[in-house]
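Novice: Sequence plus the predicted model coming up.
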Amino acid sequence: MKSIQWVAPRKFEVVEKAIPELKKNDVLLKVESVGICGSDIHYYLEGRIGDQVITPPLVLGHELSGRIVRVKDKENELLLGKRVAVEPGFPCWHCEFCKKGHYNVCPNLKFLGGPGCDGALMEYISVPGWACFPVPEDLSAPIASMVEPTAVAVHALELAQMVPGETALVVGLGSIGLIVLQLLLNSGASVVAGIDLLEYRTVVAQKLGLKNAFVPSNKESIEESVEWAKEVSSGRGFDVVFDCTNQSEGLAISTCSTKPAGRVVLVGISGKDYDLLPVSIARRRELTLKWCRRFLFNFPTAITLVSSGKISLDLILTHHFTPEEVETAFEMVANNSDNIIKASIDWD
Ligand SMILES: [Zn+2]
Ligand SMILES: [Zn+2]
């Protein structure tokens, strides 16, 4: 089978590998579609996200869907032939944090396409049966690969503990931001606002129902966005602000735009070891900052939201590529070319 390995910054290589053997409880998937995530771009360009360093060769990709073509154990037999979305993190289930239910922060967790663990950019992959969530047959494989970022957005909303009537701001309208936005528009929030540096993303946000969108004219300016947020929230600040950017400035804008005693949910990954935090404002306003680590049993909800049409992914999944075009795909996502938001690599 073909496997696409990251071998150096901005460079992939296609190699032939044997189809994986199944260990106990594993199932074999014929990979159908792999979405490119902001975190993949950090690895592609720099080989690291903060202190998480990958060593080549490594197969990237953790947003995947595929069809189950082989199972080893009886309890997974019902999965055979099903199209599934795969939860890409495999915790140990034995440590203190797993036992307390926080399996997403398990220190022993293996993550597809992360340090020391090959990801999904290959024809076949073996994963634990429990990590496979069947999707309705009419959900296309590329859309099914977006169950993963949807699960992240669902977890972010969970952490925000929104109450009906509250106001919310989304900073960064990439794929996660645009899903968070839709969840907010569905949730009874009284005011929803969004900021992005790229105008085409605010246009998509508006098509999805956003009324208050802002594109700062000076891309370097934190103040311009904060001023706008202040105005839209009638000088008060937002009850909840979601940082869904991949920039340090996103956290600063989010913190400065939150009302006194409000909540900031940090979802985006700036890739830095240390980041900008306006501590004086955060302390004076006694803000709560919640850090979102991927997802915590949010795949079933994400699948329901996507398949019921409550969350629309068609305007977000803008580009499709073949496995041969993988470098082009990563370059385009890295450079935000051609109004790209989410791209998927589709095997068939
Ligand atoms: Zn991702
Ligand atoms: Zn654990």
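Specialist: On my side now, so go ahead. Ligands and ions are numbered 1, 2, ... in the order given.

Novice: For the stretch 1-150 of the chain, what lies in contact range of ligand 2?
Specialist: Residues of the stretch 1-150 of the chain lying close to ligand 2 by Cβ under 5 Å from the ion are P91, C92, C95, C98, C106. For glycine as for every other residue, the C-beta is placed from the backbone atoms N, C-alpha and C.

Novice: what about 8 Å?
Specialist: Counting by Cβ under 8 Å from the ion, the residues of the stretch 1-150 of the chain close to ligand 2 are 91-99, 103, 106-109.

Novice: Can I have the buried ones of those residues as a PyMOL selection?
Specialist: Buried subset of those, written as a PyMOL selection, criterion 16 or more other Cβ atoms under 10 Å:
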select buried, resi 91+95+97+98+103+106+109
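
Novice: A189: which of the residues of the stretch 1-150 of the chain next to ligand 2 is nearest?
Specialist: For these, the residue nearest A189 by Cβ to Cβ is Y103; the value is 29.0 Å.

Novice: Please spell out which residues along stretch 77-91 are buried.
Specialist: Neighbour counts over stretch 77-91 (16+ other Cβ under 10 Å) mark L79, K82, R83, V84, A85, V86, E87, P88, G89, F90, P91 as buried.

Novice: residues in contact with the closest residue to the second one other than its chain neighbours?
Specialist: The one in question is K82. Distance criterion Cβ to Cβ, 6 or more residues apart in numbering; nearest residue to K82, sequence neighbours excluded, is P134 at 4.4 Å. By Cβ atoms under 8 Å, 6 or more residues apart in numbering, the contact set of P134 is L79, K82, R83, V84.

Novice: Mind exporting the C-alpha coordinates of the one helix or strand L183 maps to to PDB?
Specialist: Following DSSP states H and E, the helix or strand that holds L183 is helix 175-185. Output of helix 175-185 as PDB, limited to C-alpha atoms (Å, rounded to 0.1, in the frame of the first residue of the first chain):
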ATOM      1  CA  SER A 175     -12.700  25.600  10.100                       C
ATOM      2  CA  ILE A 176     -12.900  25.200  13.900                       C
ATOM      3  CA  GLY A 177     -14.000  28.900  14.300                       C
ATOM      4  CA  LEU A 178     -16.700  28.500  11.700                       C
ATOM      5  CA  ILE A 179     -18.000  25.300  13.400                       C
ATOM      6  CA  VAL A 180     -17.900  27.000  16.900                       C
ATOM      7  CA  LEU A 181     -19.800  29.900  15.300                       C
ATOM      8  CA  GLN A 182     -22.600  27.600  14.000                       C
ATOM      9  CA  LEU A 183     -22.900  26.000  17.400                       C
ATOM     10  CA  LEU A 184     -23.200  29.400  19.000                       C
ATOM     11  CA  LEU A 185     -25.800  30.500  16.400                       C
END
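
Novice: Which neighbouring elements make contact with it?
Specialist: The contact analysis (3 or more Cβ pairs under 8 Å, 6 or more residues apart in numbering; DSSP states H and E) places helix 175-185 against helix 147-160, strand 167-171, strand 191-195, helix 199-207.

Novice: could I get these as TSV with mean pLDDT, mean neighbour count and distance to L287?
Specialist: Putting the helices and strands packed on helix 175-185 into TSV (pLDDT from 0 to 100; neighbours: other Cβ atoms under 10 Å; distance: least, Cβ to Cβ, whole Å) gives the following:
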stretch	mean pLDDT	mean neighbour count	distance to L287
helix 147-160	98	25	13
strand 167-171	98	29	13
strand 191-195	98	25	18
helix 199-207	98	18	25
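
Novice: Can you add distance to I316 and give the ones you listed back as a markdown table?
Specialist: Shown next, in a markdown table, are the helices and strands packed on helix 175-185 (distance: least, Cβ to Cβ, whole Å):
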| stretch | distance to I316 |
| --- | --- |
| helix 147-160 | 9 |
| strand 167-171 | 13 |
| strand 191-195 | 13 |
| helix 199-207 | 7 |
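
Novice: which SS class is the residue lying closest to R294 once chain neighbours are set aside?
Specialist: Among residues not flanking R294 along the chain, N104 sits closest, at 5.2 Å (Cβ to Cβ, 6+ apart). Recorded secondary structure, N104: helix (DSSP: H, G, I helix; E, B strand; the rest coil).

Novice: Show me the domain layout of this structure.
Specialist: If you go by automatic domain parsing, the domain ranges for the chain are 2-146+316-346, 152-291.

Novice: now, of these, which is deepest in the fold?
Specialist: Greatest average neighbour count among the domains of the chain goes to domain 152-291 (a mean of 20), per mean count of other Cβ atoms under 10 Å.

Novice: Endpoints of it, how far apart?
Specialist: Start-to-end span of domain 152-291 (Cα to Cα, to the nearest Å) is 12 Å.

Novice: Isn't A193 up against G237?
Specialist: No: taking Cβ atoms under 8 Å as the definition, A193 is not a contact partner of G237, at 11.3 Å.
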